[in-house]
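Student: Let's see this in three dimensions:
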Amino acid sequence: MLVELSIVPLTGSSHLSDEIAQIVNIIEDSGLPYQLTPTGTCIEGEWDEVMDTVRQCHEYARSEASHVITTVKIDDDEEQAGKLEGNVRSVREKIGGDGMN
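Tutor: The predicted model follows:
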């Protein structure tokens, strides 16, 4: 399964890079494949391990802020593995480049 995770700790500061870095460290420590994006992080793995990582990330954010917004989007396709890189590669091949301007 592929999960897109976005966590916003409402700390009163518009600069959240320190908090987000700590959350990405939790994902890194999970050993799951992931891809950081400008507005979230995609994580790939089995249900239990991905959801455990999502829970840990949310709990960390909640320990740092009294109000946290966590958004989880799930792409659960039992026929597909390697979607984290495969989905992006497929689109890049079709547009004939790396997708960056």
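Student: Strands of the chain, start to end?
Tutor: For the chain, the strands defined by DSSP state E occupy 2-9, 34-37, 40-44, 68-75.
Student: elements contacting the helix or strand of the chain with the lowest mean pLDDT?
Tutor: Every helix and strand of the chain was ranked by mean pLDDT, DSSP states H and E. The lowest is helix 83-95, at a mean of 77. With contacts taken as 3 or more Cβ pairs under 8 Å, 6 or more residues apart in numbering; DSSP states H and E, helix 83-95 sits against strand 2-9, strand 34-37, strand 40-44. For the C-beta atoms, the positions are set from N, CA and C on the backbone; glycine is no exception.
Student: repeat that for 7 Å
Tutor: Counting contacts by 3 or more Cβ pairs under 7 Å, 6 or more residues apart in numbering; DSSP states H and E, helix 83-95 packs against strand 40-44.
Student: Now the strand it packs on: buried residues?
Tutor: Gly40, Thr41, Cys42, Ile43, Glu44 (16 or more other Cβ atoms under 10 Å).
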